[in-house]
Each structure stands twice: as structure tokens, then as C-alpha cells.
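1. Predicted structure and sequence below. I'll ask about it afterward.
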Amino acid sequence: MPDLDDLLIRDYRPGDEIGIVGLLNDVFGEDDPGYTPRTLEQWAWIYRDNPAGHQIVVAEEPGGRIAGHYACIPYRVVVDGRTATCGQGVDSMVRAEYRRGLKSEGLFLRTARRYFDTWGVPERNAYGYGFPNKKAFRIGVRMLGYTPVHAPVRTLGRNLFAKSDDVEVEVGGDPAGEIVALPRFDARADRLWERLGVAMGTVRDAAFLNWRYADCPFARYTSFGLAAADGELRGLCVLRDDWTGPPIQAVTECLVAGDDPGAAVRLWAHAVRRARDVGQQRVEMWLPPWSPLFAVAEARGFTAEDSPFNLCIKLYGSAPSIDWVQRRWYFGIGDTDVF
């Protein structure tokens, strides 16, 4: 193993993706026999084709082999009225021979610190966030300044195998309007996003929704909206079957104004009916606990439970306080990297 001081820690260069994908599959496949190898097409979608760009740091051995990687998926976000960028921490790893305990600064932390020196500044990112696993959570909180915001995230679930019907889900659904399929998103999605008036969160406009769902090479998503008489969208949902493996239909996006619960109920009822039709056994969605729709969903038979996910943030510069973030951050299942 080369000495750590012999490794070059640098920003991504075109062509590194071959070594990065190889490293990713070596590291994540070594302890998980069920791991599905990442492809170059999937890497390109996450990083090269991302409308917000890419944020990647690698550690390169003298012979050119990629030995470490720290990256975030950037998103356009809104923070208290201004548009900025954030980075979602994903795919952080080093080869097994470079791993050390938490008490010493090994290659992982050296690579991570280069990332934060480059990208963890308010001129480039308003904040970084992620859903770290147990090991990364400990390292991140202890050494990289992660702050838990929702730990764990509360999920809203409905077990269809335990329910004989879904009448309670439909109570209060507004009969006005038409459920329409949305194979791709257009300017109506832009206008819907603007009407929501979100104080903090990923900008969920048509460009983001098309990249994240319509063009995703990892899985097939089903999208639909509730269209008013004039064709404008009162709300939309995006669904993903077999989320995390079991027959769980995830509502990865639920974009509805908090003061229009009738539209939300109508969309949820459609999602639950579809789940039964395609053989899914559970419907699961995330809504921020501060959203008025959270209580509406509970009243319609969705049960609030702890999920295995911890949502953490790392604020840069003069960003808002953690208390402000907890009360205003809009997030959903679509913010994870479980594509």
C-alpha cells in the first residue's frame, strides 16, 4: 500500500468515472452479496447529466488507480427566499487497505476534508445534507460537523395487507378535477412549485423532476397529477414500486399546497388504489412533520413510524439556524439516494 502522502487528492477529471465506478463496485460489493453493480450509464445520470453539475473529489495512487472518492449530488435549492446550491453526500468510500479507525485521520477523512475545503463554502453551497448509514453517521457527527435534523425521519405508512378496503383514505377528497398521467413534466409543474412557496428545499421544477424521475436509469417511476378545469396542476405525485426491495410503493414526491387537503387526499387515494392493482403491499411517503398535510395523512389511515433513515445537515456560512431548518425544510423520499 502506498504511503498516504504519495496519493494525489484532487478534483474529478473527465475519464475518472471508469475508476470511480470500479472502486464503488469493489467497495460496496465486497460485503453485500445482494449488491447490484453500478453502471457507467447510472454514474453519468447522477453526475454528468445532473442539471446542477457535479461535486467530486478523488484520491489517486501514483499508478493512476482511484483509491478514494468523496462526492455530493448538487441540487438547486431555495433558502429563505434566495436560490442557491446544496450537495447531497453520496458514494463516499476508500479501498479496504486504506481504512483506519475513527481516532486517526486516514484517507477517507483526508478526501472528505478536500471536498469541504473546495465545496463546503457559502459561495458554492448553502448547505450539505445526507442520510448517512450508522458508520458514516458516527464519523460525520464526530468529525465532519453533521447535525441531525430528523433522526430518525418519520415515515407515513399504510399496510394494505392489514386493511380490507381503503374507504378511510378517500374521505374528504375533492371530486373536482381530473387525475392525469405525467410521463414528463412541463411548465405546469414549474407554476405548481412556485405556488407552494417552500421556504427551504430542493427546487422541484420541471427540469429537476424530469431528470430525477423521467430520465432515471435506476428504476421506473409513475407520475400523475390532479388537473383543474383550466388544465393547471393542483398537485402531483410520483410513485416508485418495490422501494428498497420489498413490495412497497413509495410516494417519492407529493407536491400539494398545505391549504388544499382535498387535492392531497384525492392523489393519495389514487396512489393507494394503484398500489393494490399492481400487487404492492404497503404505501409509504414522507412529509415534513411541520406540514399540515402530515396530520391529514394520519387522519386518512397512514401511520406515522420511525424509518431507518437519519436526515443530517451541514450548514455553511451565515445559513439559518437548525431550529429554523427543522420548521421549514421541505423534504421527501425523493431526496434520498435510494433511486
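-> Okay, I see it.
2. Name the nearest residue to residue 41, ignoring sequence neighbours.
-> With Cβ to Cβ, 6 or more residues apart in numbering as the criterion, residue 41 has its nearest non-adjacent residue at 5.2 Å, and that residue is residue 217. C-beta here means a position set from N, CA and C on the backbone, and glycine is covered the same way.
3. measure that neighbour to residue 39 for me?
-> Using Cβ to Cβ, to the nearest Å, residue 217 is found at 8 Å from residue 39.
4. residues in contact with the least confident helix or strand in the chain by mean pLDDT?
-> Least confident helix or strand of the chain, by mean pLDDT, DSSP states H and E, is helix 134-139 with a mean of 74. If you take Cβ atoms under 8 Å, 6 or more residues apart in numbering as the criterion, helix 134-139 is touched by 89, 92, 102, 108-109, 130, 146, 310, 312.
5. Could you identify the most distant pair in those?
-> Farthest-apart pair in these is 109 and 310; separation 20.0 Å (Cβ to Cβ).
6. Which of those two has more residues huddled nearby?
-> residue 310 (21 against 18; other Cβ atoms under 10 Å).
7. Can you check the pLDDT for the more buried one?
-> With respect to pLDDT, residue 310 has a value of 92.
8. Pull the contacting residues for the closest residue in space to it that isn't next to it in sequence.
-> Distances taken as Cβ to Cβ, 6+ apart put residue 151 closest to residue 310, at 4.1 Å, once the chain neighbours are dropped. Shown in contact with residue 151 (Cβ under 8 Å, 6+ apart): 310-312.
9. can you pull the contacts of residue 126?
-> 77, 79, 84-86, 315-317, 319.
10. For residue 37, grab the count of nearby residues.
-> When neighbours are counted by other Cβ under 10 Å, residue 37 comes out with 12.
11. Which residue is the nearest non-sequential neighbour of it?
-> Nearest non-adjacent residue to residue 37 (Cβ to Cβ, 6+ apart): residue 25, at 4.6 Å.
12. which secondary structure elements does the strand or helix carrying that neighbour contact?
-> Element membership for residue 25, per DSSP states H and E: helix 16-29. Contacts defined by 3 or more Cβ pairs under 8 Å, 6 or more residues apart in numbering; DSSP states H and E place helix 16-29 against helix 40-43, strand 55-60, strand 66-79, strand 82-94.
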